[in-house]
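Chemist: I'd like to go over a predicted model; first the sequence, then the structure.
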Amino acid sequence: MSSSVSDFIRNRIRDDIENEIVDGSIVTRFPPEPNGYLHIGHAKSICLNFGVAEEFGGQTYLRFDDTNPLKESAEFVESIQRDVRWLGFDWGDRLTFASDYFDQLYGFAEQLIEKGRAYVCDLSADEIRATRGTLTEPGSNSPYRDRTVTENLNLFRRMRAGEFDEGSRVLRAKIDMESPNIHLRDPVLYRIVHAEHHRTGEKWCIYPMYDFTHCICDALEGITHSLCTLEFEDNRPLYDWVLDNVSINFHPPQIEFSRLGLEFNVMSKRILTSLISDGHVEGWDDPRLPTISGLRRRGVPPEAIRDFCGRVGVTKQANLIETSLLDFCVRSALEDTSPRAMAVIDPLPVTVINFERDDVTLEAPNHPKVPELGTRELTFGRNLFIERSDFRESASKKQRKLTLNGLARLRYGFIVECVDVVTDDQGSAIELKVRYVPESQSGQDTSGLKPRSTLHWISAANAVPAKFRLFEHLFNVREPGGGDLGDELNPTSKIEKDGLVERVVIDDVWERCQFERNGYFVKDSDSTPAEPVFNRIVPLSSGVR
RNA sequence: UGGGGUGUAGCCAAGCGGUAAGGCAGUGGGUUUUGAUCCCACCAUGCGCAGGUUCGAUCCCUGCCACCCCAGCCA
C-alpha cells in the first residue's frame, strides 16, 4: 500500500494512518472552480490528490467549487471533466458541486447567526474595505456588528428572498477586526448576486463565499486531507474557525503545498484568458499553452504529464521548473512507443544520375529497437529529396552534412556521392546530382564505405506534401507576467513549414510518430487527408542540426 | 512596516545530531546506418549569512539577510 514516492504530504498521511487519526481509508478531493480550462499546474494537484488516494487505498472526489455564478459555466465543467479523465483519473460516482450543498450551507449560516457569530452588514464594499484596516493597522468594527440575532436572522432571510439589491448587504462572520490576520477581520460569508447559476438557475440570489463553503464541503464529504496551494495558508485559521463554530463533527486538516512554476509559461487564468482574447494564441487548446487541452493537442501523452508531476515533487518551496524536464518526460514516454518515419521539412530535390527506375522497394524497421512495431516499405528512385539544411557545398568534418563531392548514407537506403550542385541566381542550391553506390544497400552493404553522416530522405514517388508546425516557448522570458505581455512574447513561437512525408504516415493510424532526426510529431486537429498538418511535440535531444 | 511561509548544486529534491540520496541540465567516454536511444564516468569539504551549544551541526539555539503570499462582496 505504501508508495515509492515520498513527500511531506505522503509522510503526513502515512503517519495519520499509522496513528489511526484516520481509519485507514483516506479521502481527498480535487476542487476546481469551473471558470476556465485546466493547466499543468492543476495537473500537479490532480496527480497529488488522485495519486495519494490510489497509493493509500482511498477515494477522491471531483468537486466543482461553483459559488460564483458570474464567472462560471457548464462549458468549463465539461472541459475540466474531460481533462481529468484524459489525464487518466477516475472519480467514480464522486462527482459533486459546492452548489449541491447550498441548502445545507444556508442552514449553517443561520446557525452562526443564532450563535451570535455572524451578522448582516449594510456597509458598501468600499466601506468594508476602508474599515478593514491595512497590513499594519487594525480594522474597526462595523456599526452593524451588534445587531440582535432576531434582526440578523430576519435580514438574512430577506436577503435570500431577494428583497435587496446587489451590494447592499452581506453576511459577515463576527471574529476580530484587529486580528493581524486580515482574513479574520469579519470576513464576508454571503453576498447578494442576482444572476443565473449554471446549475441552480434562479433558485438563489445569495451565494456563499469560498472560505465559508470550502471547509464545510470538505467536512460533509469526509475529506481526510484537504490539500491546497500555499496562498491559502492565511485562510486556514478561517477554515478552522468556520468548522469550529458550526455543528459538524468532522474537521479535515488543510495542508498546503507550493504551486507549480514552469519557466517561459504562465499559469494565471487572467493572463491565459487575455492571451486568447487578444489573439496572441488561437484558443485554450493552442499547442503552445500549458493548458491540458493545449498539451493534448500538441501531442503530449498523459503519461508524460503524470511522470512530470511525479518528478517535480511536492514541497512548500516556491519553484520554477525548467522546460527541459517536461521535454525529457515527453521524450521518454514516446521513445519506445513511437514508430519512426521520415519527413523532409524544407526539401531539396536530389537526382540520382546513375539510377533510372523510380519504384524500387526497400524495407525499413519502424523502430530500431522495438521489432513489434513492424516494418514498412520505402521507395527508392531517381528522384529524391533531402532536407535543405543537410547540404552544404563544403563543411568541416564535424558537421554532418552532405557536401559537394562528399558521401552520405541515405537512411535505410544507399550511400550516395554528391557530384554536382545546381544553383539559382543567388547561388543557393536548388538541386543536387548524386551518384548512388549499388552495393551499399542498407543491410547488405559490401561497399566498405563509411560516410560520417546518415540523412533522412524521401523519394518523389513516396512523398506526400504536408505542413509542419514547429513550436518554441510562447514567451522569451523565464518568468513572464512581470511587465508588458507584448514585450515578453516570443515572435517565433510558432513556425509553419512545408515539407514532405512518407505516404504510410498519412494512410496509417499512427497517432504519434518520430520523424527521424526531426523530433516527435502528431497530426494536428487541423489535419485532413488532403492537407496533412503535423505538430512537433518535442525535438530530439541535442537538437543542434 | 503587521501576519503567514520558504531558504541544500544551473533547475527540482531527499536527508532532520554522526560526517551531503536521486532526477533534469551540463561535461567526458563507449555502442550506434537517427548528432536519437542505450551504457559508463564526472558534476556541493558544501546545506542563505554570522555567532553559539556539542566529541561531532544541513539538522538544536540566538541574531541577521533574502525571497514569496495576504488589505475581492474572486477562488
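Modeler: Cool, the structure landed.

Chemist: just the helices in chain A please.
Modeler: Under the criterion DSSP state H, helices of chain A are mapped to A:8-18, A:40-55, A:74-87, A:102-114, A:125-131, A:149-160, A:210-220, A:236-244, A:269-277, A:292-298, A:302-312, A:323-334, A:485-488, A:503-507.

Chemist: tell me where the model's unsure across the stretch 51-200 of chain A.
Modeler: Of all residues in the stretch 51-200 of chain A, none has pLDDT under 70.

Chemist: returning to that earlier point: so which of the helices of chain A is nearest A:Asn476?
Modeler: helix A:485-488 (6.5 Å; C-beta to C-beta). No exception for glycine: its C-beta is placed from N, CA and C like everyone else's.

Chemist: any idea how far the closest one is from the chain center?
Modeler: Relative to its chain's centre, helix A:485-488 lies at 21 Å (C-alpha atoms, centre = their mean, to the nearest Å).

Chemist: try stretch A:284-296
Modeler: On C-alpha atoms, centre = their mean, the centre of stretch A:284-296 falls 6 Å from that of its chain.

Chemist: next: stretch A:397-406.
Modeler: With C-alpha atoms, centre = their mean, you get 41 Å for stretch A:397-406.

Chemist: and stretch A:513-527, by the same measure?
Modeler: Taking mean C-alpha positions (C-alpha atoms, centre = their mean), stretch A:513-527 and its chain are 19 Å apart.

Chemist: same thing with stretch A:362-380?
Modeler: 33 Å.

Chemist: in that stretch, which residues are buried?
Modeler: Within stretch A:362-380, the residues scored as buried using 16 or more other C-beta atoms under 10 Å are A:Leu362, A:Ala364, A:Asn366, A:His367, A:Leu373, A:Arg376, A:Leu378, A:Thr379, A:Phe380.

Chemist: just the C-alpha atoms of that stretch, please, in CSV.
Modeler: What follows is stretch A:362-380, C-alpha atoms only, in CSV (Å, rounded to 0.1, in the frame of the first residue of the first chain):
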residue,chain,number,x,y,z
LEU,A,362,13.2,-1.2,-49.7
GLU,A,363,12.2,-2.4,-46.3
ALA,A,364,12.8,-0.3,-43.1
PRO,A,365,12.0,-1.2,-39.5
ASN,A,366,9.5,1.1,-37.8
HIS,A,367,11.6,1.2,-34.7
PRO,A,368,15.3,0.5,-34.3
LYS,A,369,14.8,-1.4,-31.0
VAL,A,370,11.2,-2.5,-30.9
PRO,A,371,10.6,-5.1,-33.7
GLU,A,372,6.9,-5.4,-32.6
LEU,A,373,6.3,-2.1,-34.2
GLY,A,374,6.8,-3.8,-37.5
THR,A,375,8.4,-2.7,-40.8
ARG,A,376,7.3,-0.6,-43.7
GLU,A,377,8.3,-0.2,-47.4
LEU,A,378,10.3,2.7,-48.6
THR,A,379,10.5,3.6,-52.2
PHE,A,380,13.9,4.4,-53.8
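
Chemist: now what about that stretch, what contacts it?
Modeler: Here stretch A:362-380 makes contact (C-beta atoms under 8 Å, 6 or more residues apart in numbering) with A:336, A:338-342, A:355, A:358-361, A:411-414, A:441-442, A:459, A:461-462, A:502, A:504.

Chemist: mind running it again at 10 Å?
Modeler: A:335-342, A:352, A:355, A:357-361, A:410-414, A:436, A:441-443, A:457-463, A:502-505, A:508, A:510, A:513-514, A:516 (C-beta atoms under 10 Å, 6 or more residues apart in numbering).

Chemist: which of those residues count as buried?
Modeler: Those of the contacts of stretch A:362-380 that meet the buried threshold are A:338-342, A:352, A:355, A:358, A:360, A:410-414, A:436, A:441-442, A:457-463, A:502-505, A:510, A:513-514, A:516, by 16+ other C-beta under 10 Å.

Chemist: can you flag which of the residues you listed belong to strands?
Modeler: Among the buried ones among the contacts of stretch A:362-380, the members falling in strands are A:340-341, A:352, A:360, A:410, A:436, A:457-459, A:463, A:502, A:513-514 (criterion: DSSP state E).

Chemist: RNA strand B next: which of these are close?
Modeler: The subset of these lying close to RNA strand B, counting by C-beta under 7 Å from any atom of the strand, consists of A:Arg340, A:Gln514.

Chemist: among the ones in strands among the buried ones among the contacts of stretch A:362-380, show me the least confident.
Modeler: Taking those together, the minimum pLDDT is found at A:Val360 (91).

Chemist: that'll do, ta.
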